[in-house]
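3D, please:
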Amino acid sequence: MDTAPIVTIRALNHWFGDGAARKQALFDINLRLEPGSFTALVGPSGSGKTTLLTLIGCLRMVQDGSLRLLGQELHGASGAQLVAMRRRLGFIFQAHNLHESLTAGQNVMMGAQVDGGVRHDRATLAAHHLLGLVGLAGRVDYLPANLSGGQKQRVAVARALVGNPDLLLADEPTAALDRNSASDVVDLLRRIGSARGMTTLLVTHDTRILDRADRILTLEDGRIVGEEDRQGKG
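Residues are numbered from 1 along each chain as shown. Predicted coordinates for the structure are as follows:
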């Protein structure tokens, strides 16, 4: 069994802008995400949480330092390499980003067919299976307009998981949900992630869900300033 870290970051720095407008957003970030772990990243708005998430998610180029994802160094990676790595990841955002003209099942199928490598029949089976896992077996043919906020986010969870990603990155996935829906979504991520051995990094301001995390990292002004290991705690 491979026990190498899913993510290893060393001395990572990041800037936005050029010249006199250049501003540093991340400072000397060092971080490891172990296989199967569930980590919450917290901190005030503007602290760099989403910037770090997008770097790990291959949505930005690494400028300075080392970021190894699934054994591959991303500093100096080409655009094509970043695209290939993104296909091994799952993404969930605060806005569910569902296509309003497509059913729940069709939205999830899009996640399976994003690279054109999954046949339609297999994508259909995978979509129905995932929607069943997230408690929406009876909503496969529903349009988003006929789903509640919590149900829409569960469809987004199914879409993110349909490709069986090694790493799931979630940016404020419960911010727009009520307490019960937020708990349901995070419990789903924990249960399915544990069953699949998937690693999860969740950016959140939602204190209601922090007790689900194995580890809580605090980011302030672009620096990791705190870490709480919650494994083994009730």
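
in the longest helix seen in the chain, what counts as buried?
Criterion DSSP state H: the longest helix present in the chain is helix 179-196. Within helix 179-196, the residues scored as buried using 16 or more other Cβ atoms under 10 Å are Ser181, Ala182, Ser183, Asp184, Val185, Val186, Leu188, Leu189, Arg190, Ile192, Gly193. For every residue, glycine as well, the C-beta is placed using N, CA and C.

ok, now how distant is the last one from Phe93?
Pointing back at Gly193 there. Separation of Gly193 from Phe93 (Cβ to Cβ, to the nearest Å) stands at 17 Å.

Which residues does the residue nearest the centre of the chain form beta bridges with?
Taking Cα atoms, centre = their mean, the centroid of the chain lies closest to Leu169, which sits 1.2 Å from it. Beta-bridge partners recorded for Leu169 (DSSP bridges): Phe91, Leu201.

can you give me the helices for the chain?
With DSSP H as the criterion, the chain has helices spanning 49-56, 79-86, 104-112, 120-133, 149-161, 179-196.

Just send these back as CSV, with distance to Val203 too.
Formatted as CSV, these follow (distance: least, Cβ to Cβ, whole Å):
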stretch, distance to Val203
helix 49-56, 5
helix 79-86, 17
helix 104-112, 20
helix 120-133, 23
helix 149-161, 14
helix 179-196, 13
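
To Gly65, which of these lies closest?
Proximity to Gly65 (Cβ to Cβ) singles out helix 49-56 among the helices of the chain, at 9.7 Å.

Distance from the closest one to the middle of the chain?
Centroid displacement of helix 49-56 relative to its chain, using Cα atoms, centre = their mean, to the nearest Å, is 10 Å.

try stretch 132-149
21 Å.

which parts of that stretch are buried?
Those would be Leu133, Val134, Leu136, Arg139, Val140, Tyr142, Leu143, Pro144, Leu147, for stretch 132-149 by 16+ other Cβ under 10 Å.

Determine which two of these are furthest apart.
Leu133 and Leu143 (20.7 Å).

so where's the chain shaky on pLDDT?
Low-confidence segments of the chain, defined by pLDDT under 70: 1-2, 113-119, 231-234.

shouldn't His128 be in contact with Ala137?
Yes - the criterion here is Cβ atoms under 8 Å, and His128 meets it with Ala137 at 7.4 Å.

which residues are common contacts for these two?
Contact criterion Cβ atoms under 8 Å, 6 or more residues apart in numbering; residues shared by His128 and Ala137: none found.

which residues touch stretch 94-111?
With contact meaning Cβ under 8 Å, 6+ apart, stretch 94-111 is reached by 120, 123-124, 126-128, 130-131, 136, 139-145, 147, 151-153, 155-156, 158-160, 162-163, 171-173, 175-176.

From start to finish, how long is that stretch in a straight line?
17 Å (Cα to Cα, to the nearest Å).
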